[in-house]
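Q: below: sequence and its predicted model.
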Amino acid sequence: MTQPPYKAPDFSLKDSEGNVTTLQDFSGKWLVLYFYPKDDTPGCTTEACSLRDSRDEITALGAEVVGVSMDEPSTHEKFKTKYNLNFKLLSDPEKTAIEAYEAWGKKMFGREGILRKTFIIDPTGVVQKVYGRVTPLGHGGQVIEDLKRLQQ
């Protein structure tokens, strides 16, 4: 795994409404970019709701939250609506960003898939923090604390 700080890989992915989002869209802002296995599954829902509940404080720190999985935009829209998620979810069916961010690999029982990883990217596009194995419960609080520390 690449150790921070390093230049964040670019991405160009569709959101739940079909609009293309790129890394450059967040230029000048902090970005909390998180990768997760699948919409509306227990761990992914817990993680998304933790970030949802922390989003106001994250936004107050000048950061945006964005989630990425291989799910289709229509699935993302249902997931967002069901849990009142207040941030973008991007679709990466080709695994381009997932692989660029080293968020694909061996999981339990030797199966491969999306690894639950979060990246804090600074306003200049540099990855400052990587969470290699995210614990979904309370993840939003962890992100807030690390954003505060990184911004000092």
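A: Cool, the structure landed. Predicted model, so just to flag it, every value in this text is computed and none were measured.
Q: C-alpha only now, for contacts and for neighbours.
A: Will do.
Q: the residue most distant from the middle of this protein, which is it?
A: The C-alpha centroid of the chain is most remote from Phe109, which lies 24.4 Å away (C-alpha atoms, centre = their mean).
Q: mind checking what helix or strand follows the longest helix seen in the chain in sequence?
A: In the chain, assigned by DSSP state H, the helix with the most residues is helix 42-60. Note on helix 42-60: by DSSP states H and E, the next helix or strand toward the C-terminus is strand 63-69.
Q: now do that next one: distance to the chain's middle.
A: Centroid separation between strand 63-69 and its chain, computed with C-alpha atoms, centre = their mean, to the nearest Å, is 4 Å.
Q: for that strand, packing partners?
A: When contacts are defined as 3 or more C-alpha pairs under 8 Å, 6 or more residues apart in numbering; DSSP states H and E, strand 63-69 sits against strand 30-35, helix 42-60, strand 88-91.
Q: mind saving the C-alpha coords of the last one as PDB?
A: Output in PDB follows, covering the C-alpha atoms of strand 88-91 (Å, rounded to 0.1, in the frame of the first residue of the first chain):
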ATOM      1  CA  LYS A  88     -22.400  11.900  -3.500                       C
ATOM      2  CA  LEU A  89     -22.100   8.200  -4.400                       C
ATOM      3  CA  LEU A  90     -20.100   7.400  -7.500                       C
ATOM      4  CA  SER A  91     -20.400   4.300  -9.700                       C
END
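Q: quick one: name whatever helix or strand follows it.
A: Taking DSSP H and E, what comes next after strand 88-91 is helix 96-100.
Q: how about that following helix: buried residues?
A: Of all the residues in helix 96-100, those buried under the rule 16 or more other C-alpha atoms under 10 Å are 97-98.
Q: now stretch 34-54
A: So, applying 16+ other C-alpha under 10 Å, buried residues of stretch 34-54: 34-40, 43-54.
Q: Trp128 in helix, strand or coil?
A: One thing to correct before we go on: residue 128 is Gln, not Trp. strand (DSSP: H, G, I helix; E, B strand; the rest coil).
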